[in-house]
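Undergrad: build the 3D model from these lines:
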Amino acid sequence: MSGAAVAPAGPSLLRFVARLPAFIARPSAHAAPLGWPIGRALAAVALVVALKVVVQVGWMQTVAHAFGADVTRDTSADDTRPLWHLIDLVVFVPLIEEIVFRMPLRWRTGHSSWRLRLEDGVVIALLFGLASGLEVQARGGRVFMLAVILMTKRVVMPPLTWPDWMVLPPWVRDVAVHVSSFAFGAMHVPAWLGGPPEALWLMALALVFGGYALAYVRLRLGLYYAVLTHGLYNLAVVGLATWANNA
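TA: Okay, the predicted model is just below:
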């Protein structure tokens, strides 16, 4: 019937968020891309950001109070440049971390299986090589790393892919998401100050959850939306910390 409204494909926004636990349990069974229009995808991003704030900040504060730990991040190098620090947290950190941890989780359009692009592995190896040889927290360090990544992806490396017969089976895809999410959480442990080691690792579980949430957004909505989710979450945390310090 002409003029009738067409409902968007896929689950409702609330059901999209509610399926996150099922994705954590079995990523490959709940990662089909949705192809939502921009407005609906942005609404989903906003809900995931809100969920991340409630779960991650709530969990870290609970652990901190239980152990008497300090969840303050080591930001002493940025105290003299707060604007740069904010841009770093909201723009460059999400870009680099999503490229490293979520970009290789690639779903082939029109197929029910994944395959990794060969150049993704080269980019990740190059990034960690740079991270081991550079002080990445220094001003400009992240900008340089991002420029190298983009140059490698778009200029140096040809668009090579695994052949069709080398597609990844479901259990490998599940392991890839689990490893990516736990590595994402473990990476942030050294950034916290004070507190017993067990408290810091318990707080890192909040980042593991965040890694799963970002992988879910990356696979269902796309990498750009994962970067946006990451940046908005960081912005929300900075806002909450600023409000708490001034209260």
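
Undergrad: please enumerate the helices of the chain.
TA: In the chain, the helices defined using DSSP state H lie at 13-18, 20-25, 38-52, 58-67, 82-87, 93-101, 118-133, 141-151, 170-187, 197-220, 223-246.

Undergrad: and those helices: which comes nearest residue 31?
TA: Closest of the helices of the chain to residue 31 is helix 197-220, at 4.0 Å (criterion: C-beta to C-beta). All C-beta atoms are positioned from the backbone trio N, CA, C, and that covers glycine.

Undergrad: by contact count, what packs against that closest one?
TA: With contacts defined as 3 or more C-beta pairs under 8 Å, 6 or more residues apart in numbering; DSSP states H and E, the packing partners of helix 197-220 are helix 20-25, helix 38-52, helix 58-67, helix 93-101, helix 170-187, helix 223-246.

Undergrad: hey, which of the ones you listed is tucked in deepest?
TA: For the helices and strands packed on helix 197-220, the largest average neighbour count (mean count of other C-beta atoms under 10 Å) is found in helix 93-101, namely a mean of 21.

Undergrad: mind saving the C-alpha coords of stretch 47-58 as PDB?
TA: Provided in PDB are the C-alpha atoms of stretch 47-58 (Å, rounded to 0.1, in the frame of the first residue of the first chain):
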ATOM      1  CA  LEU A  47      22.100   3.600  24.200                       C
ATOM      2  CA  VAL A  48      25.400   1.500  24.100                       C
ATOM      3  CA  VAL A  49      27.300   4.500  25.500                       C
ATOM      4  CA  ALA A  50      24.800   4.900  28.300                       C
ATOM      5  CA  LEU A  51      25.100   1.200  29.100                       C
ATOM      6  CA  LYS A  52      28.900   1.400  29.100                       C
ATOM      7  CA  VAL A  53      28.900   4.300  31.500                       C
ATOM      8  CA  VAL A  54      26.500   2.600  33.900                       C
ATOM      9  CA  VAL A  55      28.200  -0.800  33.900                       C
ATOM     10  CA  GLN A  56      31.900   0.200  33.600                       C
ATOM     11  CA  VAL A  57      32.000   3.300  35.800                       C
ATOM     12  CA  GLY A  58      29.700   1.600  38.400                       C
END
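
Undergrad: about what we covered before: worst average pLDDT in the helices of the chain?
TA: Lowest mean pLDDT within the helices of the chain: helix 118-133, a mean of 54.

Undergrad: shouldn't residue 221 be in contact with residue 36?
TA: Yes - between residue 221 and residue 36 a contact is recorded at 6.7 Å, counting by C-beta atoms under 8 Å.

Undergrad: overlap of the contact sets of these two?
TA: The contact sets of residue 221 and residue 36 overlap at residue 44 (C-beta atoms under 8 Å, 6 or more residues apart in numbering).

Undergrad: for the two, indicate the residue with more neighbours.
TA: residue 221 (23 against 20; other C-beta atoms under 10 Å).

Undergrad: identify the residues contacting the more buried one.
TA: If you count contacts by C-beta under 8 Å, 6+ apart, then residue 221 has 33-34, 36, 41, 44-45 around it.

Undergrad: just read off the phi/psi values of it.
TA: The phi and psi values for residue 221, taken as degrees, to the nearest 10, are phi -110, psi -30.

Undergrad: pLDDT value on it, please?
TA: Reported pLDDT for residue 221: 93.

Undergrad: tell me how far it lies from residue 43.
TA: 11 Å (C-beta to C-beta, to the nearest Å).

Undergrad: swap in residue 104?
TA: For residue 104, the distance to residue 43 equals 27 Å [C-beta to C-beta].

Undergrad: repeat for residue 88
TA: On the measure of C-beta to C-beta, residue 88 and residue 43 end up 27 Å apart.

Undergrad: got it, and residue 99?
TA: 25 Å.

Undergrad: go on, residue 204?
TA: From residue 204 across to residue 43, the span is 30 Å (C-beta to C-beta).
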